[in-house]
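> Coordinates for the following, if possible.
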Amino acid sequence: MVKFLGQSEATKIDVDLIEKYKFSLDQLMELAGQSCAIAIAKCYPLRSDIQNLVLVCCGPGNNGGDGLVCSRHLKLFGYEPQVYYPKRPNNKLYQNLMHQCMENGVQLLAEISDFKPLNEYIVIVDALFGFSFKPPVRREFQKIIDLLKQSIVPICSIDIPSGWDVESGPLAGDISPAMLISLTAPKLCATNFKGKFHYLGGRFVPKKLEQEYKLNLPNYHGTDLVVRLE
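Next up, the predicted model:
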């Protein structure tokens, strides 16, 4: 069975990927975001009778960077992603990711009031908080979290459902995503996931690292970059 990671071990693996295996942060984001877009396309395929709108909610950290990359790939796949990005870091990496989105025709939204009616989106991508998150939710993100809690549109969370404790999972009333895309390896909170689709994205983990941390990752099929977890 695939190993589920605690917060400190997930952090160590990320550090090793960058320091020991010489992945750059933008390289890891590109690999993660692309795999997220692929998994979403598998579960919510394009339809010819609608606009295929996707709302992507991005936080200011690495999870939000994954969401920006995911948005760009969704656009290339034929979807119409709109990115809600209220807190934009003054950092060249994130500035470049935003620029790439805009150059590909992805609309960036700063306010919740800019959203389309929620029922016009086929899926909402939750890329607000990653595995470094510690509750409670900061005040500036409470409004979007409250909206996600009430959403009847399926939510796809990247790596961690936002607001959940990374190890112990959700409290009563937390968001309940229909889809979860774990990255590198699933985190402990994913044992509490009750949604329909759980995918793993991260077909870039060196075998040596997998063996060192006893990750027991599943086999990917053919050239697929994602694999569904049962």
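> if I pick Glu30, what's in contact with it?
Residues near Glu30 by C-beta atoms under 8 Å, 6 or more residues apart in numbering: Val69. All C-beta atoms are positioned from the backbone trio N, CA, C, and that covers glycine.
> I should have written Arg139 there, sorry.
Arg139 touches nothing, counting by C-beta under 8 Å, 6+ apart.
> From Ser151, how far off is it?
According to C-beta to C-beta, to the nearest Å, Arg139 and Ser151 sit 20 Å apart.
> Relative to Leu147, how far out is the most centrally placed residue in the chain?
By C-alpha atoms, centre = their mean, the chain has its centre lying nearest to Ile158, at 2.1 Å. Distance, Ile158 to Leu147, by C-beta to C-beta: 17 Å.
> and what of Leu5?
The spacing between Leu5 and Leu147, counted by C-beta to C-beta, is 29 Å.
> Check Pro135 and give its pLDDT.
We have a pLDDT of 76 for Pro135.
> In three-state terms, label it for me.
The three-state label given to Pro135 by DSSP: H, G, I helix; E, B strand; the rest coil is coil.
> what about it, how many neighbours?
For Pro135, the tally of surrounding residues (other C-beta atoms under 10 Å) stands at 12.
> try Leu118
The burial count for Leu118: 15, using other C-beta under 10 Å.
> who touches it in this structure?
Leu55, Ile124, Leu147, Ser151, Ile152, Val153.
> Could you pull out the helices in the chain for me?
Taking DSSP state H, the helices of the chain run over residues 7-19, 25-43, 62-77, 92-103, 139-150, 207-212.
> could you check the angle helix 7-19 makes with the second one?
Orientation of helix 25-43 against helix 7-19 (axes from the mean of the first three to the mean of the last three C-alpha atoms, to 10 degrees) gives an angle of 120 degrees.
> Nice, that's everything, thank you.
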